[in-house]
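1. got a structure for you, letters missing:
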Ligand SMILES: [Zn+2]
C-alpha cells in the first residue's frame, strides 16, 4: 500500500514537471509583437555605400588613435619613473616609486584596451577589403601591434635597468608581460569582417535590425529578435548604412537551408522527367 502511494506521488511529480516544461516551452514560443520602423536607403552605388561606412567608422578610429597615443604616453611615464629619470619627492623611494610606475602602466593598459575596442568597432563599421592582404592584416591586427608597442619597450627598460633591485625588476616585468597579453587578447579580432563579405549580402530587399545590435536579420522571427520589440526594417544596404554591417549567422544558415530545400526539389523533378 505504502509502495503504491509512493509510486503515485512520484508519478504526480513527474506529471507536474512535464506540465511545467510544456508551459515553459509555450511561453518561449509565444510570438513577440514587434513594431516596425521603415528606414529609407540613402546611398545607391557601392562607392556611395563605402563612403558612408567610412564616415560611420571615422569617429571610432580618431578616438582609438587618441587613446593609443595617451597609452604610449603613459608607458613613457612608466619608463621614466622606473628608471628614476623623472623623480618627484614622492617617487624617490618606495612605495612612492613603485606606485608611480605601476599606476602609469595601469593607465597604459586601460587606454590601450579602450582604444583597441574602438578600433575593432571601426573595422566592423567599415571593414577592410580582403583582396589587399597586407592592408587587411595590418588593419585587423593594429590593436595587437599597439599592445606590443605599449608594453614591450617598458619590459626591455625594466630588464636592463641598473638601479632597480632584482625583486622590483621581476614584479615590473611580470606585470608588464601580463598587461601585454591581456591587451593583445582583447585587441585581437577573433571574428574579423571583410569588405567583400559585407558587400556580398548588401542586396537583400528586406531585412530587420535593432537599435543596439551590430547585425541585421533576414527573418523577423529570428530567435535573436525575441527580446526586442522595436525593429527597424529596410534593404540590407540601409542596414549597413546604419552600422549593421553583418548578416546574422542564424539567419544566414536558415537562408542557406531553405535554398538547399529548393535545390533538392528541383533535383527530384529532373529525376522524374528522366524516368
Ligand atoms: Zn537572425
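-> Looks like it arrived, so ask away. Treat the numbers as computed from the prediction; the structure is a model and nothing was measured.
2. what residues of the helix or strand containing residue 137 count as buried?
-> Taking DSSP states H and E as the criterion, residue 137 maps to helix 133-160. Of the residues in helix 133-160, 136, 139-144, 146-147, 150-151, 153-155, 157-158 count as buried by neighbour count, 16 or more other Cβ atoms under 10 Å. (Glycine included, C-beta is placed from N, CA and C.)
3. what do you get for stretch 199-217?
-> Using 16+ other Cβ under 10 Å as the test for burial, stretch 199-217 gives 199, 201, 202, 204, 207, 208, 209, 210, 213, 215, 216, 217.
4. average pLDDT for that stretch?
-> Mean pLDDT, stretch 199-217: 96.
5. any residues touching it, and which ones?
-> Applying Cβ atoms under 8 Å, 6 or more residues apart in numbering, the contact partners of stretch 199-217 are 36, 46, 49, 124, 218-220, 222, 224-225, 228, 230-237, 239-240, 242-252.
6. filter these by proximity to the ion?
-> Among those, the ones lying near the ion by Cβ under 5 Å from the ion are 222, 224, 248, 250, 251.
7. the buried residues of stretch 199-217 into a markdown table, with extra columns for distance to the ion and secondary structure?
-> Output for the buried residues of stretch 199-217, formatted as a markdown table (distance: Cβ to the ion, whole Å; DSSP: H, G, I helix; E, B strand; the rest coil):
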| residue | distance to the ion | secondary structure |
| --- | --- | --- |
| 199 | 19 | helix |
| 201 | 12 | coil |
| 202 | 17 | coil |
| 204 | 12 | coil |
| 207 | 9 | strand |
| 208 | 8 | strand |
| 209 | 9 | strand |
| 210 | 10 | coil |
| 213 | 9 | coil |
| 215 | 7 | strand |
| 216 | 8 | strand |
| 217 | 3 | strand |
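8. residues in contact with residue 251?
-> Shown in contact with residue 251 (Cβ under 8 Å, 6+ apart): 217, 218, 219, 222.
9. mind checking the end-to-end distance for stretch 190-209?
-> 23 Å (Cα to Cα, to the nearest Å).
10. same deal with stretch 19-39?
-> This stretch, stretch 19-39, spans 43 Å end to end (Cα to Cα).
11. mean confidence score for it?
-> Stretch 19-39 shows a mean pLDDT of 74.
12. spatially nearest residue to residue 216 (excluding sequence neighbours)?
-> Using Cβ to Cβ, 6 or more residues apart in numbering and skipping the chain neighbours, the partner closest in space to residue 216 is residue 239 (3.7 Å).
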